[in-house]
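Visitor: A structural model of the following input is requested.
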Amino acid sequence: MKSRKDNVLMSILTGAGLYLLESARERLADQAADLRSRARSRYDDVREKAKDVYDTASDRVGRASDVLRGEDRSGLSSAAALLIGVGIGVGVGLLFAPASGEEVRSQLSDKVHEFGGKVKDRFSREGEAETGTYGV
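Guide: Numbering: from 1, shown residues only. The predicted model follows:
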């Protein structure tokens, strides 16, 4: 037979163990709820980002399609802006070039004539390939 002291000690230890288990269970439940909330938030963030990327890509494809079909002329303004930018870049390059002005003009003239020759060759080759008849 157990003594009264042993029963009291077992009762105290059992109560303390149950109290610790209950508080651990509550903390774990709170942590699990917090993890679920963070996971849901991350899922929503990823979903929103994916939606934004899809919308942007869809808009770009639509605009490109319009430009290719000739329904949107903003592509031409982009090309004009590019050419203006290249012109400004060449001008600034000429101003800060380490070579003398005469050398730079000579090199630039050679490059322009070379490029013009390539363009003429390309267009003359394309014109020769077209015969005006189908299948020939």
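Visitor: How about the secondary structure of Glu71?
Guide: Per DSSP: H, G, I helix; E, B strand; the rest coil, the local secondary structure of Glu71 is coil.
Visitor: Contacts only, for it.
Guide: Glu71 sits next to no residue when contact means C-beta atoms under 8 Å, 6 or more residues apart in numbering. For the C-beta atoms, the positions are set from N, CA and C on the backbone; glycine is no exception.
Visitor: quick one: it and Ser65, what's the gap?
Guide: 8 Å (C-beta to C-beta, to the nearest Å).
Visitor: Equivalent analysis for Ala33, please.
Guide: Going from Ala33 to Ser65 by C-beta to C-beta gives 47 Å.
Visitor: Please apply the same query to Glu114.
Guide: The gap separating Glu114 from Ser65 is 36 Å, by C-beta to C-beta.
Visitor: Which residue would you name as the spatial centre of this structure?
Guide: For the chain, the residue nearest the mean C-alpha position is Val53 (7.8 Å; C-alpha atoms, centre = their mean).
Visitor: per-residue pLDDT, that one?
Guide: pLDDT, Val53: 90.
Visitor: and it, what helix or strand is that in?
Guide: Counting by DSSP states H and E, the element that carries Val53 is helix 4-69.
Visitor: helix or strand right after that helix?
Guide: Next in sequence after helix 4-69, counting helices and strands by DSSP H and E, comes helix 74-95.
Visitor: any idea of the angle whichever helix or strand comes after that following helix forms with helix 74-95?
Guide: Under the assignment DSSP H and E, the closest C-terminal helix or strand after helix 74-95 is helix 101-129. If you take axes from the mean of the first three to the mean of the last three C-alpha atoms, to 10 degrees, helix 101-129 sits at 150 degrees to helix 74-95.
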